[in-house]
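Asks: Here is my input; please provide its structure:
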Amino acid sequence: MFPRRSETVKAFKLDAIEMEISRLEKELSGENQSIGFCHNDLQYGNIMMDEETRVVTIIDYEYSCYNPIVFDLANHFCEMAVDYHSETPHVLDYDKYPGLEEREIFVRAYLNSSG
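Replies: Numbering: from 1, shown residues only. Predicted coordinates for the structure are as follows:
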């Protein structure tokens, strides 16, 4: 009834995932990571903008801590695939993932921000 373990490993490419996790652990644990005080939950509900003044305010800091800043950026983009107002907020829609230009604009704004 259930596929054999070797078939499951092949079907889900678990061996490739394990190698990718190992590679990422090495790269992301390097000494050349820029550390900063990160929000760690930069989803759309936590980024507010005054329509008149265009001033942006970030709210909801309960997950904030010092972290490699790339984690904050990656989380922000992954959150764009989530629709918290749908009946299935746990299902990610990567068609909503931003294109390169939008990602570059956000990264520049993030890195140039103060505070």
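Asks: contacting residues for the residue nearest the centre of the chain?
Replies: With distances taken as Cα atoms, centre = their mean, N75 lies nearest the centre of the chain, 1.7 Å away. The contact partners of N75, taken as Cβ atoms under 8 Å, 6 or more residues apart in numbering, are N40, D41, L42. In short, each C-beta sits where N, CA and C put it, glycine included.
Asks: SS state for the second one?
Replies: In this case it means D41. coil (DSSP: H, G, I helix; E, B strand; the rest coil).
Asks: First-to-last residue distance for stretch 25-34?
Replies: End-to-end distance for stretch 25-34: 16 Å, by Cα to Cα, to the nearest Å.
Asks: Now do it, average pLDDT.
Replies: Averaged across stretch 25-34, pLDDT comes to 77.
Asks: what's in contact with it?
Replies: With Cβ under 8 Å, 6+ apart as the criterion, stretch 25-34 contacts P68, I69, V70.
Asks: pretty sure the second one contacts F37?
Replies: It stands for I69. No. Look at I69 against F37 with Cβ atoms under 8 Å: they stay out of range, at 9.1 Å.
Asks: returning to what we had before: which of the contacts of stretch 25-34 are buried, as a PyMOL select command?
Replies: The PyMOL selection below is limited to those of these classed as buried (16 or more other Cβ atoms under 10 Å):
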select buried, resi 68+69
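Asks: need the contacts of stretch 25-34 in a markdown table with secondary structure, can you?
Replies: A markdown table is the format used below for those (three-state DSSP):
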| residue | secondary structure |
| --- | --- |
| P68 | strand |
| I69 | helix |
| V70 | helix |
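Asks: between the contacts of N75, which is closest to A109?
Replies: Relative to A109, the closest of these is L42; by Cβ to Cβ it sits at 11.5 Å.
Asks: where exactly do the helices run in this protein?
Replies: Assigned by DSSP state H, the helices in the chain fall at 5-12, 14-28, 69-79, 100-112.
Asks: Most tightly packed of the ones you listed?
Replies: helix 69-79 (a mean of 16; mean count of other Cβ atoms under 10 Å).
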